[in-house]
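*Asks:* I would like the atomic coordinates for the input below:
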Amino acid sequence: MATTTITESYAATHKFARISARKARRVVDLIRGVPVEKALVDLRFCLRRASPMVSKVLRSAIANAEQAAGLEPNSLYVSKAIVDEGPTFKRWRPRAMGRAFPRTKRTSHIRLEVAEMPDDMRPRQKESKAGTAKEAAVAPTPTTEADPVPSEVVAPVDSAPSEVAAPVDSAPSGDVAAPVDSAPSDDVAAPSDDGEAQAENKQE
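*Replies:* Residues are numbered from 1 along each chain as shown. Presented below is the predicted three-dimensional model:
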């Protein structure tokens, strides 16, 4: 024997709505059995005159569920939607040749009930590929021992050129420049005087 679970519903009613029951039922049929969030969106973009009336009744039912049981709107759906005929106001309109044409102004009673959605109606949460990719990119690497290795390798590479560059800059300034300036002044001028003296002695 199948067991049925009875869920508590929360209702709201708009009595003596100044619209015919036939026109109001066309709007109510759109939201029957629909989650309340989707029903409010459908009523917002519905162009029929009964849409604002039905929307107010639905918002009142949602507020009753939140106040009475503390339910969230995303967990509710329209479990029952009924539109009954109300009293009819009879009016008369004058016509030609003294006649009177009857006019009927109809009313209706709009009643909506909301209840907590069963498990089969609740939307399932699916993980998107984009979400998993972002989580994988933000997630830390599993191995933390590999981080200090590059710092040990880079340190000797940065210090090696500094040791080699020091002797390269100091070598030409002290050893090469000093002998180049002093060599020609003493060594080249002296033999030139001796050569002239020997040439004079030979001529004599």
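*Asks:* for this structure, which segments count as strands?
*Replies:* Assigned by DSSP state E, the strands in the chain fall at 9-17, 76-85, 89-94, 100-105, 108-116.
*Asks:* of the ones you listed, which is nearest Ser60?
*Replies:* For Ser60, the closest of the strands of the chain is strand 9-17, at 3.7 Å, according to C-beta to C-beta. For glycine as for every other residue, the C-beta is placed from the backbone atoms N, C-alpha and C.
*Asks:* what is the closest one packed up against?
*Replies:* helix 51-69, strand 76-85, strand 108-116 (3 or more C-beta pairs under 8 Å, 6 or more residues apart in numbering; DSSP states H and E).
*Asks:* at 7 Å what do you get?
*Replies:* helix 51-69, strand 108-116 (3 or more C-beta pairs under 7 Å, 6 or more residues apart in numbering; DSSP states H and E).
*Asks:* export these to a markdown table and tack on mean neighbour count and distance to Asp42?
*Replies:* Output for the helices and strands packed on strand 9-17, formatted as a markdown table (neighbours: other C-beta atoms under 10 Å; distance: least, C-beta to C-beta, whole Å):
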| stretch | mean neighbour count | distance to Asp42 |
| --- | --- | --- |
| helix 51-69 | 18 | 9 |
| strand 108-116 | 22 | 13 |
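*Asks:* what sits against the residue nearest to Ala68 when sequence neighbours are not counted?
*Replies:* Of all residues not flanking Ala68 in the chain, Tyr10 sits nearest, at 6.0 Å (C-beta to C-beta, 6 or more residues apart in numbering). Counting by C-beta atoms under 7 Å, 6 or more residues apart in numbering, Tyr10 makes contact with 61, 64-65, 68, 113-114.
*Asks:* hmm, back to that, deepest-packed of the strands of the chain, please.
*Replies:* strand 108-116 (a mean of 22; mean count of other C-beta atoms under 10 Å).
*Asks:* hmm, who's touching that one?
*Replies:* Applying C-beta under 7 Å, 6+ apart, the external contacts of strand 108-116 come out as 7-15, 17, 19-21, 24, 28, 36, 53-54, 57-58, 61-62, 65, 71, 75-86.
*Asks:* and if we set it to 6 Å?
*Replies:* Among residues not part of strand 108-116, those counted as contacts by C-beta atoms under 6 Å, 6 or more residues apart in numbering are 7, 9-15, 17, 19, 21, 24, 36, 57-58, 61, 65, 75-76, 78-86.
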